[in-house]
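Visitor: Would you be able to build a 3D model of this:
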Amino acid sequence: MPAGDILSGHQPCFYHPGILAKRCALEELARRDEVGCSWLVVDQDVNEPGSIEFPDLDDRGRLTRRLWRALPSAPGVPTCHRRVTTITPPPRVSKKLPGSIQDGLDRMHQALVEAAGDTVSERVAAANESLLADWFQTPCRLIRASTLLETEHARDLLEHIRSEPIECARLWNEAVRAVPRSARELRVNTRSLEETEVPVWSIDPNDGTRRPGLLRDLTEALKGDRVILPRAFLMTAIVRSAGYRVMIHGTGGGRYEAVTDQWARTFLGLELAPIMVVSATVTLPLGACTPDASLLPAPGALRRLEHDPWPDTTHKRGLVEAIAKAPPGSVLRRRLYAELHEARLEQAAAISERIQQLKDATKDLGEAMKSRDLAGDRTWPWPLHEPHRLQESLAAKTE
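Guide: Residues are numbered from 1 along each chain as shown. Below is the predicted model:
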């Protein structure tokens, strides 16, 4: 791990523009400070980079979310241990959508076919880099999280964890509780110390899936008898204590790194490289594919008409006021309630055609709202964007 570099990273995938903004900032800082830049490939994760979502139009011409399974799925298996066996050709999307979407799917497929690498993480990371080759002039070193525990620095940290597993878990859990919803606490087993959890993943030798590592697994791994991988906070503690100038995170990672800072300081005795937070929101130009909201009913219009089907504002009010004046629990009050209910049903029947039209329009409203949500989605893969437009948007947001 090159000391003095600027560092960022993400799981191997064709990430969205918010992640690409980190890469832009990485190169900008490296060029400004005349240092190198490194990208951490978080390949011990079990994400599905070969399951690529993209927008399309359904048979009614409405925006919808579709899935291209470019690579085989392997639930629970880290991408660094998942083999590439087949690559599925990209789907065809509606020609009414921006041409950059089909072009992006085709380019991702071609990049996957041409990229080197036997594992999913290697293949996807290489494909992503090949697509970014025209963007960046500064070479970026790829560091695989799955190899971090092979370094002498990491093994020293693992030995410290092995020697004090209870204290490791206690201080880890304190740090996790300080940042709500950041991670699950480590389980401590005081009756059987070897069953206490430590911050690594243990890999099943039979099916390759990962599970939370125990002290027993760590002990075996240090002897060379088991494969383990670092969990997220241990991973960033290792790289941020290896001499990097700064690590660039997104908004979520920037929040969670407070856990790493506290645990590294209190248990490992390390002060880590600072964090810089960078993100961006860039959407595809899909507005033309969404219905005109002014032609749709207001939310709640159907419910109001069903409960008050009279054209004037005084009819129902008169009935309600008469009920209010009747003595509570009286026969008169019950009769007035029944009359109101019967009158409402009769009036609703009289305007049933209008109510049905509004029901149909309200269904369209729900679909239109989904279309607007999809049009405003910031998480579509970056290659689906028109390159020049995306570069201009990211340049404006990272200056």
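
Visitor: what about Ser8, how many neighbours?
Guide: Using other Cβ atoms under 10 Å, Ser8 has 27 other residues around it. C-beta here means a position set from N, CA and C on the backbone, and glycine is covered the same way.

Visitor: which residues of the stretch 101-250 of the chain fall in helices?
Guide: For the stretch 101-250 of the chain, helices defined by DSSP state H, counting those that start in this stretch occupy the ranges 120-132, 152-163, 165-178, 215-222, 232-240.

Visitor: what would these look like in a markdown table with distance to Asp106?
Guide: Listed next are the helices of the stretch 101-250 of the chain as a markdown table, based on distance: least, Cβ to Cβ, whole Å:
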| stretch | distance to Asp106 |
| --- | --- |
| helix 120-132 | 11 |
| helix 152-163 | 40 |
| helix 165-178 | 43 |
| helix 215-222 | 42 |
| helix 232-240 | 34 |
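
Visitor: Which one of the ones you listed lies nearest to Leu40?
Guide: Closest to Leu40 of the helices of the stretch 101-250 of the chain is helix 232-240 (Cβ to Cβ; 6.1 Å).

Visitor: How far off centre is the closest one?
Guide: On the basis of Cα atoms, centre = their mean, to the nearest Å, helix 232-240 sits 20 Å off its chain's mean C-alpha point.

Visitor: Give me the contacts around it.
Guide: For helix 232-240, contacts defined as Cβ atoms under 8 Å, 6 or more residues apart in numbering pick out 1, 7, 40, 42, 44, 143, 145, 148-149, 151, 153-154, 157, 172, 175, 183, 199-200, 230, 247, 256-257, 259-260, 263-264, 268, 270, 272-273.

Visitor: Pull out the buried residues from the residues you listed.
Guide: If you count burial by 16 or more other Cβ atoms under 10 Å, the buried members of these come out as 1, 7, 40, 42, 44, 143, 145, 148-149, 154, 157, 172, 175, 183, 199-200, 230, 247, 256-257, 259-260, 263-264, 268, 270, 272-273.

Visitor: Sitting in strands, which of those residues do you find?
Guide: Of the buried ones among the contacts of helix 232-240, the ones assigned to strands by DSSP state E are Leu7, Leu40, Ile143, Pro199, Val200, Pro230, Met247.

Visitor: OK, contacts around the third one?
Guide: The one in question is Ile143. Ile143 neighbours (Cβ under 8 Å, 6+ apart): Met1, Gly9, Ser38, Trp39, Leu40, Val41, Val239.

Visitor: how many neighbours does the residue lying closest to Ile101 once chain neighbours are set aside have?
Guide: Once flanking residues are discounted, Ile101 sits nearest to Leu384: 4.9 Å by Cβ to Cβ, 6 or more residues apart in numbering. Applying other Cβ under 10 Å, we find 26 residues neighbouring Leu384.

Visitor: Give me the mean pLDDT for stretch 308-325.
Guide: The average pLDDT for stretch 308-325 rounds to 77.

Visitor: swap in stretch 73-93?
Guide: Per-residue scores along stretch 73-93 average to 96.

Visitor: buried ones in that stretch?
Guide: Ala74, Val77, Pro78, Thr79, Cys80, His81, Arg82, Val84, Ile87, Pro90, Pro91, Val93.

Visitor: mind listing the strands for the chain?
Guide: Listed in chain order, the strands of the chain (DSSP E) span 6-10, 37-41, 51-57, 63-69, 140-144, 197-203, 210-214, 228-230, 246-249, 275-277.

Visitor: which of the ones you listed is buried the deepest?
Guide: Of the strands of the chain, the one with the most neighbours on average (mean count of other Cβ atoms under 10 Å) is strand 6-10, at a mean of 26.

Visitor: Parallel or antiparallel, list what pairs with that one.
Guide: Strand pairing for strand 6-10, using DSSP bridges, gives strand 37-41 (parallel), strand 246-249 (parallel).

Visitor: now the angle between helix 232-240 and it, please.
Guide: Here the directions of strand 6-10 and helix 232-240 differ by 150 degrees (axes from the mean of the first three to the mean of the last three Cα atoms, to 10 degrees).

Visitor: Tell me which of the strands of the chain lies nearest to His307.
Guide: strand 63-69 (32.1 Å).

Visitor: how does this protein divide into domains?
Guide: 6-147+280-286+376-398, 151-276, 292-375 (automatic domain parsing).

Visitor: List the contacts of stretch 46-53.
Guide: By Cβ under 8 Å, 6+ apart, the residues outside stretch 46-53 that reach it are 11-14, 65-73, 75-79, 105, 108, 120-121, 124, 210, 379-381.

Visitor: End to end on it, go ahead and measure it.
Guide: By Cα to Cα, to the nearest Å, the extent of stretch 46-53 from end to end equals 17 Å.

Visitor: Please state the offset of that stretch from the chain centre?
Guide: Using Cα atoms, centre = their mean, the offset of stretch 46-53 from its chain centre is 11 Å.

Visitor: For the helices of the stretch 101-250 of the chain, please prepare TSV with the additional fields distance to Glu53 and mean pLDDT.
Guide: TSV is the format used below for the helices of the stretch 101-250 of the chain (distance: least, Cβ to Cβ, whole Å; pLDDT from 0 to 100):
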stretch	distance to Glu53	mean pLDDT
helix 120-132	15	96
helix 152-163	34	97
helix 165-178	30	97
helix 215-222	34	97
helix 232-240	23	97
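
Visitor: And those helices: which comes nearest Lys316?
Guide: Here helix 165-178 is closest among these (Cβ to Cβ), at 53.9 Å.
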